[in-house]
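Visitor: Just a sequence and a predicted model for now, questions to come.
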Amino acid sequence: MANKLFITDTILRDAHQSQAATRMRLEDMLPACEALDKAGYWSLECWGGATFDSCMRFLGEDPWVRLRALKEAMPNTKLQMLFRGQNILGYKHYADDVVEAFVKKSIENGIQVIRIFDALNDPRNLEQAIKATKKYQDKYGAICEPAISFTTSPVHNDEYFVDLAVQLEKMGADVICIKDMANLLLPYNAYELVKKMKQAVNVPIHLHTHNTTGTGDMVYLKAAEAGVDIIDTALSPLANGTAQPATESIVATLQGTERDTGLNLEVLAEAANHFKKIADKLKAEKILDPKVLNVDPKTLLYQVPGGMLSNLLSQLKQANAEDKYFDVLAEVPRVRKDFGYPPLVTPTSQIVGTQAVFNILMGERYKMVTKESKALLRGEYGKLPAPVNEEVRKKAIGDDEVITCRPADLIEPELDKYREQYKDIAKSDEDVLSLALFPQVAEKFINQRDAAPVEDEVRTIYVDDAAL
Ligand SMILES: [Mn+2]
């Protein structure tokens with residue numbers, strides 16, 4: 001079919017990260033892999049984001065073993081990961097050699113689509129991950145998919161996003177993603193944005209949204225009409241609410257139209273039957289709170305992503321100041337404006353949210369400024385989308401120098417340092433990278449892993465691991 005709409009399913013990554021604190025286990029995934037592999041998806045998002053940390057911190061799983069097991073179970077489907085630019089999967093900037101090593105190992109272990117984003121949309125923070133993906137692309141056929149973090153503000157209009165897309169195409173994008181992490185994109189805006197972007201670039205456009213505010217299905221339908229190439233959906237048992245719209249609903253909607261996805265609803269039902277049991281288990285364990293399935297229009301009102309609202313509420317609870325909730329909600333957009341309108345996604349959502357809480361609780365704005373707010377205002381996270389409030393910056397960092405170069409240019413190569421530092425614990429370069437990203441969590445995990453008696457099958461995987 002000439003104009004088929006391609007589907008990426010997020011059931012193995014974003015769906016359970018958004019609804020169930022990223023707690024789905026490999027054993028919960030494997031029984032459905034045969035059906036997933038024959039469904040005919042463009043890709044399956046299954047790695048990166050919070051899964052890497054969650055594997056080691058909560059599930060006692062080696063994320064690299066999970067990736068290889070998934071690739072073995074789904075040889076015919078491209079596996080996709082979410083990569084946080086220069087932060088990789090962690091929360092600070094890493095040196096270029098660590099970024100390159102991580103990309104290389106991800107591809108070697110089975111990833112074929114790398115979606116790379118930066119919270120500030122500073123292309124310099126995507127540069128090294130893009131270069132590394134391109135470098136290993138020929139050898140392994142990986143696809144480089146830089147993403148635009150979608151948000152709304154006086155500077156974030158269609159022209160801004162289209163310019164960014166043109167720039168990303170020049171940098172080597174094979175596909176460009178519009179990443180609407182908070183479901184702020186509205187259906188008719190999606191139509192316009194996709195139309196304009198399709199006119200400006202030649203590479204396929206991949207749209208990612210959630211159903212937090214209840215517009216997700218309509219966003220996809222209008223985007224499909226505008227010619228979007230690929231969309232992200234989740235199989236129904238973990239779809240909707242804070243996760244993606246349901247795969248089956250979109251597939252059924254488009255059947256017989258010129259954007260028919262070509263996916264077979266019976267095969268999808270086979271996989272969904274399995275994940276229904278997993279969703280029920282996560283509900284019984286109270287990991288999945290059905291509250292996340294409700295439509296939450298507050299996000300549209302305050303432009304605050306759903307996950308951030310629950311963080312704010314728990315911070316206020318701890319401070320016995322729940323009555324200040326609406327004051328804080330009103331303060332968030334003001335702080336965001338002072339800071340040059342960063343999109344609200346990890347880590348900027350936490351930085352702006354925490355600063356708003358302090359501004360309200362202290363009774364004076366910026367009386368107390370967090371370390372992270374200072375770093376953001378010093379340019380350490382990259383270039384902010386709009387000019388910052390200079391009065392606020394002065395109050396926060398005084399006469400400190402503001403960085404205008406690519407932040408990672410200030411970081412010396414680190415890979416050999418990490419190899420040396422962890423030579424007694426790490427069994428492979430994969431281990432070194434796990435330790436570099438999550439030092440305490442990975443050290444504890446690896447010690448337990450290597451102390452525990454392992455079954456033969458698992459042992460084989462570790463032997464292969466050492467040989468890589
Ligand atoms: Mn998402």
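Guide: Received, thanks. Numbering: from 1, shown residues only.
Visitor: Using PDB, write down the CA coordinates of stretch 256-265.
Guide: What follows is stretch 256-265 as a C-alpha-only set of coordinates in PDB (Å, rounded to 0.1, in the frame of the first residue of the first chain):
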ATOM      1  CA  GLY A 256     -10.000   0.100   4.400                       C
ATOM      2  CA  THR A 257      -8.900   3.800   4.200                       C
ATOM      3  CA  GLU A 258      -5.800   5.000   2.300                       C
ATOM      4  CA  ARG A 259      -3.900   5.100   5.600                       C
ATOM      5  CA  ASP A 260      -4.700   1.500   6.500                       C
ATOM      6  CA  THR A 261      -1.900   0.300   8.800                       C
ATOM      7  CA  GLY A 262      -2.000  -3.300   7.500                       C
ATOM      8  CA  LEU A 263      -1.900  -4.700  11.000                       C
ATOM      9  CA  ASN A 264      -3.900  -7.700  11.700                       C
ATOM     10  CA  LEU A 265      -6.400  -7.200  14.600                       C
END
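Visitor: buried ones in it?
Guide: Residues of stretch 256-265 classed as buried: 259, 261, 263 (neighbour count, 16 or more other Cβ atoms under 10 Å). Every C-beta, even on glycine, is put in place using the N, C-alpha and C of the backbone.
Visitor: I'd like those residues written out as CSV, with distance to Val369 added.
Guide: As requested, these are exported to CSV (distance: Cβ to Cβ, whole Å):
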residue, distance to Val369
Arg259, 49
Thr261, 49
Leu263, 50
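Visitor: if I pick Cys33, what's in contact with it?
Guide: 70, 73-74 (Cβ atoms under 8 Å, 6 or more residues apart in numbering).
Visitor: Where do the strands of the stretch 51-200 of the chain begin and end?
Guide: Along the stretch 51-200 of the chain, counting by DSSP state E, counting those that start in this stretch, strands occupy 79-83, 111-116, 143-149, 176-179.
Visitor: mind checking which of those strands is nearest Lys383?
Guide: strand 143-149 (13.5 Å; Cβ to Cβ).
Visitor: Touching the closest one from outside, list them.
Guide: Strand 143-149 is contacted by residues 78, 80, 112-121, 126, 130, 133-134, 137, 161, 164-165, 168, 171-179, 181, 206, 208, 343, 345 when judged by Cβ under 8 Å, 6+ apart.
Visitor: And the buried ones among those, selectable in ChimeraX?
Guide: In ChimeraX syntax, the buried subset of these is picked out as below (16+ other Cβ under 10 Å):
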select :78,80,112,113,114,115,116,117,118,119,120,121,126,130,133,134,137,161,164,165,168,172,173,174,175,176,177,178,179,181,206,208,343,345
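Visitor: give me the subset of the buried residues of stretch 256-265 touching the ion.
Guide: Taking Cβ under 5 Å from the ion, there is no overlap between the buried residues of stretch 256-265 and the neighbourhood of the ion.
Visitor: so where's the stretch 201-350 of the chain shaky on pLDDT?
Guide: 306-307 (pLDDT under 70).
Visitor: so where do the strands sit in it?
Guide: Using DSSP E, counting those that start in this stretch, strands in the stretch 201-350 of the chain cover 205-208, 230-233.
Visitor: Same question for stretch 391-411: list its buried residues.
Guide: 392-393, 396-397, 403, 406-408, 411.
Visitor: So which bits of the chain are right by the ion?
Guide: By Cβ under 5 Å from the ion, the part of the chain that sits against the ion consists of 14, 181.
Visitor: same thing but 6 Å
Guide: By Cβ under 6 Å from the ion, the part of the chain that sits against the ion consists of 14, 181, 208, 210.
Visitor: what residues are up against the residue lying closest to the third one once chain neighbours are set aside?
Guide: The one in question is His208. Spatial nearest neighbour of His208, excluding adjacent residues (Cβ to Cβ, 6 or more residues apart in numbering): Asp232 at 4.4 Å. Listed by Cβ under 8 Å, 6+ apart, the contact partners of Asp232 are 7-10, 14, 45, 206-209, 244.
Visitor: go on, Tyr94?
Guide: Tyr94 sits in contact with 86-88, 102, 408, 411, 414, 436-437, where contact means Cβ under 8 Å, 6+ apart.
Visitor: if we can go back for a sec, from the buried residues of stretch 256-265, pick the one nearest Met56.
Guide: Distances from Met56 to the buried residues of stretch 256-265, taken by Cβ to Cβ, are shortest for Leu263, at 33.3 Å.
Visitor: and the gap between the closest residue to Ala330 other than its chain neighbours and Asn183?
Guide: Of all residues not flanking Ala330 in the chain, Tyr302 sits nearest, at 7.9 Å (Cβ to Cβ, 6+ apart). Look at Tyr302 and Asn183: by Cβ to Cβ, to the nearest Å, they are 13 Å apart.
Visitor: So between the two, which is more surrounded?
Guide: Remark: of Tyr302 and Asn183, Asn183 carries more neighbours, 26 against 17, as counted by other Cβ atoms under 10 Å.
Visitor: My read is that Gln80 contacts Arg115, right?
Guide: Yes. In this structure, Gln80 is within contact of Arg115 by Cβ atoms under 8 Å, at 6.4 Å.
Visitor: Kindly indicate which of the contacts of Tyr94 lies nearest Ala321.
Guide: Asn87 (30.8 Å).
Visitor: who touches the residue lying closest to the closest one once chain neighbours are set aside in this structure?
Guide: Of all residues not flanking Asn87 in the chain, His93 sits nearest, at 6.3 Å (Cβ to Cβ, 6+ apart). Contact analysis of His93 by Cβ under 8 Å, 6+ apart lists 86-87, 125, 380-381, 407-408, 411.
Visitor: and the residues you listed, which two are the farthest apart?
Guide: Checking these with Cβ to Cβ, the most distant pair is Tyr381 and Ile411, at 13.2 Å.
Visitor: top helix in this structure by residue count?
Guide: helix 265-284 (DSSP state H).
Visitor: So which elements touch that helix?
Guide: Helices and strands touching helix 265-284, by 3 or more Cβ pairs under 8 Å, 6 or more residues apart in numbering; DSSP states H and E, are helix 33-38, helix 247-254.
Visitor: So for Ala452, which of the ones you listed sits nearest?
Guide: Across those, closest to Ala452 is helix 33-38 (Cβ to Cβ), at 25.0 Å.
Visitor: Tell me the buried residues in that closest one?
Guide: Buried residues in helix 33-38 (16+ other Cβ under 10 Å): 33, 35-37.
Visitor: can I get the residues you listed in JSON lines with pLDDT and distance to Gln318?
Guide: JSON lines is the format used below for these (pLDDT from 0 to 100; distance: Cβ to Cβ, whole Å):
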{"residue": "Cys33", "pLDDT": "98", "distance to Gln318": "41"}
{"residue": "Ala35", "pLDDT": "98", "distance to Gln318": "44"}
{"residue": "Leu36", "pLDDT": "98", "distance to Gln318": "40"}
{"residue": "Asp37", "pLDDT": "98", "distance to Gln318": "45"}
